[in-house]
Every structure is written in structure tokens, then in C-alpha cells.
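Enquirer: sequence plus predicted model, see below.
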Amino acid sequence: MKKLGCVHLVGAGPGDPDLLTMKAARLISSAQVVVYDRLVSEAVLAMIPASARRIDVGKESGRHSVPQPEINSLLVSLARDGHDVVRLKGGDPFVFGRGGEEARELARHGIPHHIVPGISAAMGCAAAAGIPLTFRGLSDGVRLVTGHRQEDRDLDLDWQALADPNCTLVVYMGMGTSQQLADNLQAAGLPATTPVAIIERGTTPQQRTIFSSVGRLAEDVATHMPKPPALLIIGKVVGVALERPSTCRQELAEGVDA
């Protein structure tokens, strides 16, 4: 009977390869087979050995993502064929990375696997923009949500909870739903003047931070057109970054009451 391979679900972090864990860097640099998402940075992908087999599951013809069940089956199949696999995911595999689904599928088929955590996009991008996710007197908690909609359905979120002015809200994949996010947060009581940071390609040399507000969010997204990966940080803590010297800022939208 053929020996099963092992699958490592590896967090590739927010983009800067220096932010990889030592274990992640070791696994990537010695990988035989790498299955990776489209949000893994080019700098991290450059660490993969030339001899390794690369499988991009972030895109197909027509630029559509590979369906998750197909990715699950691929990982199982590769391991059953005896391959040790590095499954690379942007950020942390268990924070909006669907790593839990993949781990459960591997376990269901008896495939050996290990989880290698990574710095999440929320943590890495906030730090790179000089924004503390929590700050005494400004924010006593953090909420992470996704702004992605499936099949053009409305976002089904607890808007009253998310509009808490004493918490920081981080929205992944929220560029396409920025108007809906802003409208619902304001309807739930969050002031239009609440600061927002739009962080594009955080921690990389191409990072761009656009400072906005809830009331101006959709307008600024339309004006500046941030490209993925990008996320939103909403809350009073964004004002801490706005207090930094202007040389530290890359772009500042008008109309923010920090």
C-alpha cells in the first residue's frame, strides 16, 4: 500500500515574506508540491523551489476561483498519491481562509495534516498602517467579518453589534459592498464621521493606505479603486494612525473627523 503524504495548511501571512513564521518559511523553501491561493504574494511564491510542482487554485480560465470541493479533493488525491503538500493560504488559514473545511476533509479521509498559523491580514495590515486594533479608551475589542456576497445576496450581518463605537471592525473582501456596509452601519447608529482605513496590499512595497470615513467610504472606494488584497479597518483607532507625521501617510482622503 502506498504511503500517504502529509498536507501542511500554511499561513502565508499578509504579503511580506519577512512576516512568515520560521516553520512556514522552512516548509515553503523545501516543498515538493505547493497548492496556493491567488492572494499569496509574489514575494512568498518566489521562495518555492524551482523543482517543486506549483498548483494555482486561485484562478481558472475566465479568472474564476476553483470551487472549494475541488480543492478539498485535490489535496486528498495528492496525499493519497504519496505527495507531501504545502497548502499556502494568504494570512492565517483559519481566518476567512476556509482552512477549517480543508482540515476537516483531510481528517475525514485519514490524511495526515498539520496547521501552520500565519499573521492574519487584519493584524499585519493594521500594524503596517500604524493602527492599533485595540487602544485603551478607544476600542476594547475587535470584530472580523467578511464583506463578500455569494450569488449577489445582501450581506446578512448583525449590524447593531457591528456598529458598536467602542470596538474596531475589520472587513475582509469589502470593496464591492462598501456602499451596503456604510449604509447599514450608519442605519445601526455608527456616526458617519467614524474613521476608516482602506489598506491595499498591506505589508508589501505596493501598500497604499487610504484614510476615509464611514460617510465617505463608498465614494472613496470608487475614486481610488483599491485592488485586492484590500481590507477595511473601521473605528476610532484609525484616528491614532492619522496622528502620525504626514510623511508616514501614503494617501489621505478628505472629510475625516478623527
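Expert: Received the coordinates, thanks. Predicted model only: the values in this text are computed from it and were never measured.

Enquirer: okay, domains of the protein per the record?
Expert: Here the domain assignment for the chain is 7-116, 121-252, based on automatic domain parsing.

Enquirer: would you turn those domains into CSV with mean neighbour count and mean pLDDT?
Expert: For the C-beta atoms, the positions are set from N, CA and C on the backbone; glycine is no exception. Below are these laid out as CSV (neighbours: other Cβ atoms under 10 Å; pLDDT from 0 to 100):
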stretch, mean neighbour count, mean pLDDT
domain 7-116, 18, 94
domain 121-252, 18, 91
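
Enquirer: what helix or strand is Ala43 on?
Expert: Assigning secondary structure by DSSP states H and E places Ala43 in helix 42-45.

Enquirer: outside of that helix itself, list whatever touches it.
Expert: Helix 42-45 is contacted from outside by Ala12, Gly13, Gly15, Asp16, Pro17, Leu20, Ile28, Tyr36, Arg54, Leu88, Thr204, using Cβ atoms under 8 Å, 6 or more residues apart in numbering.

Enquirer: rerun that using 6 Å as the cut-off
Expert: By Cβ atoms under 6 Å, 6 or more residues apart in numbering, the surrounding residues in contact with helix 42-45 are Ala12, Pro17.

Enquirer: what ranges do the strands span in the stretch 1-150 of the chain?
Expert: Ranges of strands in the stretch 1-150 of the chain, per DSSP state E, counting those that start in this stretch, are 7-11, 33-36, 53-56, 85-89, 113-116, 142-146.

Enquirer: tell me the angle of the first one relative to strand 85-89?
Expert: The directions of strand 7-11 and strand 85-89 differ by 20 degrees, with axes from the mean of the first three to the mean of the last three Cα atoms, to 10 degrees as the criterion.

Enquirer: parallel or antiparallel, list what pairs with strand 7-11.
Expert: When sheet partners are counted by DSSP bridges, strand 7-11 sits next to strand 85-89 (parallel), strand 113-116 (parallel).

Enquirer: same thing with the last one?
Expert: For strand 142-146, the paired strands and their directions (DSSP bridges) read strand 168-172 (parallel).

Enquirer: so which elements touch the helix or strand that the partner strand is followed by?
Expert: Next helix or strand after strand 168-172 toward the C-terminus (DSSP H and E): helix 178-187. For helix 178-187, the helices and strands in contact under the criterion 3 or more Cβ pairs under 6 Å, 6 or more residues apart in numbering; DSSP states H and E are helix 217-224.

Enquirer: which secondary structure elements does the helix it packs on contact?
Expert: Using 3+ Cβ pairs under 6 Å, 6+ apart: helix 217-224 touches helix 178-187.

Enquirer: hmm, try it at 10 Å
Expert: helix 178-187, strand 195-200, strand 208-213, strand 230-234 (3 or more Cβ pairs under 10 Å, 6 or more residues apart in numbering; DSSP states H and E).

Enquirer: pull the residues that contact it.
Expert: 171, 174-183, 185-186, 192, 194, 196, 198, 200, 208, 210-213, 216, 226, 230, 232, 234, 251, 253-256 (Cβ atoms under 10 Å, 6 or more residues apart in numbering).

Enquirer: leaving out chain neighbours, which residue sits closest to Val171?
Expert: Leu232 (4.2 Å; Cβ to Cβ, 6 or more residues apart in numbering).
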